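[1] give the three-dimensional model of this entry:
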Amino acid sequence: MSEFDIWGYRPDAGYQPGTDIVGYKVEAKDGGIGKISKHSEEVGASYVVVDTGVWIFGKHVLLPAGTINMIDTVDEKVYVDRTKDQIKDAPEFDEAKQAGDSSYLEPFGHYYGTPHT
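    Take a look at the predicted model:
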């Protein structure tokens, strides 16, 4: 296992298990990108799905939990360590296509540089 697991929430990000962050705004390094439409707390496979809205024509993008720098529960914002372009170029998340497929995290892991095992 690597020193840092991108599929887990960072200890200093402020995430509290059981906290519903759906609807929180997502801030990239260079500005807002959308809102969280889904999140997972699964150990070793935690992530958020961001609905980018009209910004990139309604694309849903999966971000591993380890990309989250900070969660602000007061302002309901999540800050990630990626730029808008990095998020825009990420593989699209298709829940219907990926439901029940245990390997669905693989393309995201490869894109973010840490394959899911």
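
[2] assign a three-state SS to residue 75, would you?
    Following DSSP: H, G, I helix; E, B strand; the rest coil, we place residue 75 in the coil state.

[3] identify the residues contacting it.
    Contact analysis of residue 75 by Cβ atoms under 8 Å, 6 or more residues apart in numbering lists residue 25. C-beta here means a position set from N, CA and C on the backbone, and glycine is covered the same way.

[4] buried residues, the longest strand along the chain. List them.
    The longest strand of the chain (DSSP state E) is strand 31-40. By 16 or more other Cβ atoms under 10 Å, the buried positions in strand 31-40 come out as 33-37, 39.

[5] which ones are touching residue 77?
    The contact partners of residue 77, taken as Cβ under 8 Å, 6+ apart, are 24-27, 71.

[6] any idea how far it is from residue 70?
    8 Å (Cβ to Cβ, to the nearest Å).

[7] ok, now residue 39?
    Taking Cβ to Cβ, one finds residue 39 at 15 Å from residue 70.

[8] ok, and the closest non-adjacent residue to residue 51?
    Sequence neighbours aside, residue 37 is the residue nearest to residue 51 in space, at 4.2 Å (criterion: Cβ to Cβ, 6 or more residues apart in numbering).

[9] over to residue 15?
    In this structure, residue 15 finds its nearest non-sequential neighbour in residue 9, 4.1 Å apart by Cβ to Cβ, 6+ apart.

[10] tell me the pLDDT at the one you found?
    As predicted, residue 9 sits at a pLDDT of 91.
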